[in-house]
Structures are given as C-alpha cells and as structure tokens.
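J.: Turn this into a structure:
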Amino acid sequence: MRKIGLDIVTLSHSVTQSNNYAVILGEQNGDRRLPIVIGSFEAQAIAVALEQMVPSRPLTHDLFKNTLETFNIDLKEIIINNLMDGIFYAKLICIKDGEVLEIDSRTSDALALAVRFECPIYTYEFILESAGILIDEVETDGEEQEPAPKPKRPARKDKDSLSSYSEDALGKLLEEVLANEDYERAAQIRDEMNRRKSQ
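T.: As a prediction, this is how the structure comes out:
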C-alpha cells in the first residue's frame, strides 16, 4: 500500500472526550486532517519534544529513545497502519545492522518518539478515508474556524503573572520549574519569553 506522509499540525483539547487531548495530523500535499485522541501524559510528552524542552531527568519517551540509540537501533519512520473500532494502531519501523524491525506501538507513543527522532510519520489511504477530515468541513456558515489552540494550562493568580517578571527572573524561574519537572509551567514561561523577543 502507498504510504501518505503526515505532519503534526497542532495539539488541542478533545471536543469529544473531556480530560483528553487531540493531536491533529495534516496530510502532506493534501487538504485532509487526521485527529487522534490521546491522553494528557502523551500530549505533554509530545509538547515537551515539540517545544524542545530539556527535562532535568529523561521522560519515558526520552528513556526509550536513549535505549534504542545505545543499542544502535534507529527509528526510521512510524506508520499509523490500522483503525479498528475507533482505535488507531501504529508501528515503529526500526533499523538495526541493516535489518528492518517492526514494533507494535500505541499511536500516541509512536508520535512522541517520531518527534524525538525527527522521523517521518505515515498512514494509508483507507485510514484517511475513514477518519480524515477535509479542511473545508471545518468551516461553519461560510467562515473558517480559528486554528485549534494549544493545550490549555492551569490559570495562575494575578500575583503570579509572568509579565511582572524581569528577563533574568524568568530565566531563573524556568530553570527552577524544569528541575521540578513542571513542564506546563515551563511552557508558559517559554511562551512569555518568546512573546517578549517578538516585540
């Protein structure tokens, strides 16, 4: 079967399942989107890698990547290869000493590893036909909806507003929250630092 390339477009709160997230995959050279519901832990694992944060200790997916690399196994690509009863299935396509190895994986874990290895993400036509959404279908009343937001982070009290911090204080705070493995707060700080740079 012909493989179809996908890119991670965004992470957002799941509309259908509370306390879960959806990772939206976009068809390369096409107009279809593939939304996949994932848990909050997996969403955090993908977000940390996408934002290139370096945790003080390796997360589970970082540990798995380090293990593969230690044994000279390269993750060549991931393939979302099946859809049954609303559940997506995936495989890790690895190479070890020239031999191709296929490892079954949850789709959310496969995506978290794909971001870390910077490897391609693929699926097949029958999956996009079954679960894909055309960009035009997202329109309502002739107006296109705004892009899905990134995962929402807990609101902070005004006294803890990041806008009141100096740049040096933000840098120290970022180191502190990373040491405490508070990646949601770290993402907030990174957003504030990037906002200031863009001004």
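J.: Provide the partner residues of residue 106 in its beta bridges.
T.: residue 89 (DSSP bridges).
J.: Next one: it from residue 78, what distance?
T.: 11 Å (C-beta to C-beta, to the nearest Å). Quick note: C-beta positions are derived from backbone N, CA and C, even for glycine.
J.: Give the intersection of the neighbour lists for the two.
T.: Common neighbours of residue 106 and residue 78 (criterion: C-beta atoms under 8 Å, 6 or more residues apart in numbering): residue 90.
J.: which other residues reach stretch 191-199?
T.: Stretch 191-199 is contacted from outside by 162, 163, 165, 167, 170, 171, 174, using C-beta under 8 Å, 6+ apart.
J.: Select from those residues every entry located in helices.
T.: Those of these mapping onto helices are 167, 170, 171, 174, per DSSP state H.
J.: isn't the second one right up against residue 163?
T.: No. With the criterion set as C-beta atoms under 8 Å, residue 170 and residue 163 do not qualify as a contacting pair; they are 10.0 Å apart.
J.: Walk me through the domains of the protein.
T.: Recorded structural domains for the chain (assignment: automatic domain parsing) are 3-138, 158-197.
J.: For residue 134, name its beta-bridge partners.
T.: residue 32.
J.: Tell me, how many residues neighbour residue 72?
T.: Using other C-beta atoms under 10 Å, residue 72 has 9 neighbouring residues.
J.: Kindly report the same for residue 30.
T.: 14.
J.: sorry, back to before: relative to residue 91, which of the contacts of stretch 191-199 is nearest.
T.: residue 174 (36.4 Å; C-beta to C-beta).
J.: what about burial for the ones in helices among the contacts of stretch 191-199, which qualify?
T.: Buried by 16 or more other C-beta atoms under 10 Å: 170, 174, out of the ones in helices among the contacts of stretch 191-199.
J.: Can you show me the strands along this structure?
T.: Taking DSSP state E as the test, the strands found in the chain are 3-13, 21-27, 32-38, 73-84, 87-96, 99-106, 121-124, 133-134.
J.: Mind putting those into TSV with mean neighbour count, mean pLDDT and distance to residue 44?
T.: Listed next are the strands of the chain as TSV, based on neighbours: other C-beta atoms under 10 Å; pLDDT from 0 to 100; distance: least, C-beta to C-beta, whole Å:
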stretch	mean neighbour count	mean pLDDT	distance to residue 44
strand 3-13	17	90	9
strand 21-27	21	91	9
strand 32-38	20	91	10
strand 73-84	19	97	19
strand 87-96	18	97	19
strand 99-106	13	97	15
strand 121-124	22	98	19
strand 133-134	13	86	24
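J.: Distance to residue 112 added to the ones you listed, as CSV?
T.: Listed next are the strands of the chain as CSV, based on distance: least, C-beta to C-beta, whole Å:
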stretch, distance to residue 112
strand 3-13, 10
strand 21-27, 10
strand 32-38, 9
strand 73-84, 10
strand 87-96, 11
strand 99-106, 9
strand 121-124, 11
strand 133-134, 23
